[in-house]
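Trainee: attaching a predicted model along with its sequence, questions to come.
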Amino acid sequence: MCTVVIRVPDSADEPTRVLAIRDEDPERPWNPLGRWWPESHDGIVGVRDVRAGGAWLAADPAAGRLAVLLNRADQSTRPESDLVSRGGIVLDTIAGHAPAGEPSTHGFNLVEVEGAHARVLTWDGVTLRTTELPPGTHMIAHDDVDDPGTPRIARWLSDFRSAAPATEGRWWMPWVEVLERSAELPSTDDEAIIRDNRPHGYPTLSLLACVASVTSHDVDVHYGELREPGHWGGLELT
């Protein structure tokens, strides 16, 4: 039940800004932002899932390309033995091979950014569809883009839209301030962004966040972990 906030610019001369918060089982190991795939995906930087070897978020700075994956429920009736990890999708799409047809995974929302262009590929186990993101600020979680039926989006999207990223320096701080205000809610609240999903039947808590500024010729990514899973306590992005 991750969350992504993205601002698509009006002009191709401006960067696309991304804030991604990862919810995962704290017992599932990961590697922080780094170059973990030198043989198969040289030059790609990302957050690596140790168990399956794929990525939650990855970027190719030289190509001005970034992708991040959010899980969503699906309607597939295929047995688990027919399915593969979703983590490989991120590395494939960064390499220019976006999902097509009927992906052999559980459902997902895949946020793809290339320069000033962004879209979300949605797989619900039956249909793969694409939503092009127009200029402006959007939120994506476990359902559709800007979905008013997702409580955290209904509550916080307008705040993120009002908190314009700074034009220089730590541009992400206005969004981090929104995160901090949102964390005044209990992490089990449906409207919370920094989350403890265990009461909802999932063993996942908010663990970390990345911010990225994407242009046609570069991706500048910063990474930070929460001091305690599912709780705010500040966020240092380096």
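Mentor: Cool, got the structure.
Trainee: least trustworthy helix or strand in the protein by mean pLDDT?
Mentor: Every helix and strand in the chain was compared by mean pLDDT, DSSP states H and E; the lowest is helix 87-94, with a mean of 94.
Trainee: what comes into contact with that helix?
Mentor: By Cβ atoms under 8 Å, 6 or more residues apart in numbering, the surrounding residues in contact with helix 87-94 are 37, 40-41, 44, 46, 49, 52-60, 63, 65-69, 98-99, 103, 105, 108, 110, 112. Where C-beta positions appear, they are placed from N, C-alpha and C, glycine not excepted.
Trainee: what is the helix or strand following that helix packed up against?
Mentor: Sequence-wise, the next helix or strand beyond helix 87-94 is strand 108-114, with elements assigned using DSSP states H and E. Identification of packing neighbours for strand 108-114 by 3 or more Cβ pairs under 8 Å, 6 or more residues apart in numbering; DSSP states H and E yields strand 3-8, strand 16-24, strand 65-71, helix 87-94, strand 117-123, strand 205-215.
Trainee: if you set the cut-off to 6 Å instead, what comes out?
Mentor: Based on contacts counted as 3 or more Cβ pairs under 6 Å, 6 or more residues apart in numbering; DSSP states H and E, the elements that strand 108-114 packs against are strand 65-71, strand 117-123.
Trainee: got the angle for the host helix or strand of residue 223 vs helix 87-94?
Mentor: Under the assignment given by DSSP H and E, the secondary-structure element containing residue 223 is strand 218-225. Here strand 218-225 runs at 160 degrees with respect to helix 87-94, directions being taken by axes from the mean of the first three to the mean of the last three Cα atoms, to 10 degrees.
Trainee: what packs against strand 218-225?
Mentor: Under the contact rule (3+ Cβ pairs under 6 Å, 6+ apart), strand 218-225 is packed against strand 205-215.
Trainee: thought residue 222 was touching residue 237?
Mentor: Yes: contact between residue 222 and residue 237 holds when scored by Cβ atoms under 6 Å: they sit 4.1 Å apart.
Trainee: shared neighbours, the two?
Mentor: Residues touching both residue 222 and residue 237 comprise residue 211, with contact defined as Cβ atoms under 6 Å, 6 or more residues apart in numbering.
Trainee: quick one: mean pLDDT for the longest helix along the chain?
Mentor: Counting by DSSP state H, the longest helix found in the chain is helix 151-162. Across helix 151-162, the average pLDDT comes to 98.
Trainee: helices or strands next to that helix in the packing?
Mentor: When contacts are defined as 3+ Cβ pairs under 6 Å, 6+ apart, helix 151-162 sits against strand 136-140, helix 173-182.
Trainee: A strand includes residue 47, no?
Mentor: Yes: residue assignment for residue 47, taken from DSSP: H, G, I helix; E, B strand; the rest coil, places it within a strand.
Trainee: what residues does it make contact with?
Mentor: Contacts were defined as Cβ under 6 Å, 6+ apart; by that measure residue 47 touches 33, 56-57.
Trainee: and stretch 174-181, what's buried?
Mentor: Residues of stretch 174-181 classed as buried by neighbour count (16 or more other Cβ atoms under 10 Å): 175-176, 178-179.
Trainee: right, I'll call it a day here.
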